[in-house]
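Trainee: Fold the following for me, if possible:
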Amino acid sequence: MLVLDQSTLPYPTGRELAGDAGVAMLLTRDGALGAPRTEIHPGVPVDRLRDRLADLLPAGDGTAVLAGPGIVTRRDLPGHPEAVGTAPGYPTARLWGRLAGQPAARTVVLVDHDETTGDLALCTLDRPAEAS
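Mentor: The predicted model follows:
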């Protein structure tokens with residue numbers, strides 16, 4: 001899988017992009033990274049985001065949480081003080097790059113929110129014990 005952020009696009013994005021970045025991951029049929037489970041919760045307004053995430057991500061269970069640019073970790077994930085957010089200007093590559101840097105976590109959840117649509121998306125990876 002190859003994920004890229006490009007600093008110049010042929011259309012307006014409404015956000016400032018910091019530069020070019022890319023992440024490459026080798027996914028194998030043996031499931032060494034774990035099988036991803038995805039879920040989308042539509043219509044979650046920003047003022048309900050914190051409560052909805054508290055329901056979906058129980059605090060203190062050892063899960064590594066990687067938050068996309070639509071999540072403000074201090075505001076939205078108070079039960080996960082170790083949650084890692086993206087760096088400004090790299091909305092895609094930075095999140096996946098941080099996934100690759102989480103070798104010790106047994107369960108990793110990537111989470112993001114689109115303020116315009118209210119879509120809250122989660123991707124959970126339960127890694128096999130030998131891969132963590």
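
Trainee: Ala83 versus Pro36, what's the distance?
Mentor: Using CB to CB, to the nearest Å, Pro36 is found at 19 Å from Ala83. Heads up, the C-betas are built off the backbone N, CA and C, glycines and all.

Trainee: of these two, who's got more company?
Mentor: Neighbour totals were compared for Pro36 and Ala83, and Ala83 leads with 21 against 12 (other CB atoms under 10 Å).

Trainee: how about the nearest residue to that one, chain neighbours excluded?
Mentor: Leaving aside its chain neighbours, Ala83 sits nearest to Val65 (4.0 Å; criterion: CB to CB, 6 or more residues apart in numbering).

Trainee: Ok, Val72 next?
Mentor: In this structure, Val72 finds its nearest non-sequential neighbour in Gly85, 7.5 Å apart by CB to CB, 6+ apart.

Trainee: number of nearby residues for that neighbour?
Mentor: So Gly85, with other CB under 10 Å, has 20 neighbours.

Trainee: Check Pro58 too.
Mentor: Neighbours around Pro58, by other CB under 10 Å: 10.

Trainee: got the contact list for it?
Mentor: Gly79 (CB atoms under 8 Å, 6 or more residues apart in numbering).

Trainee: so what secondary structure elements neighbour the lengthiest helix in the chain?
Mentor: As assigned by DSSP state H, the longest helix anywhere in the chain is helix 46-56. Here helix 46-56 touches helix 73-76, strand 107-113, strand 120-126, going by 3 or more CB pairs under 8 Å, 6 or more residues apart in numbering; DSSP states H and E.
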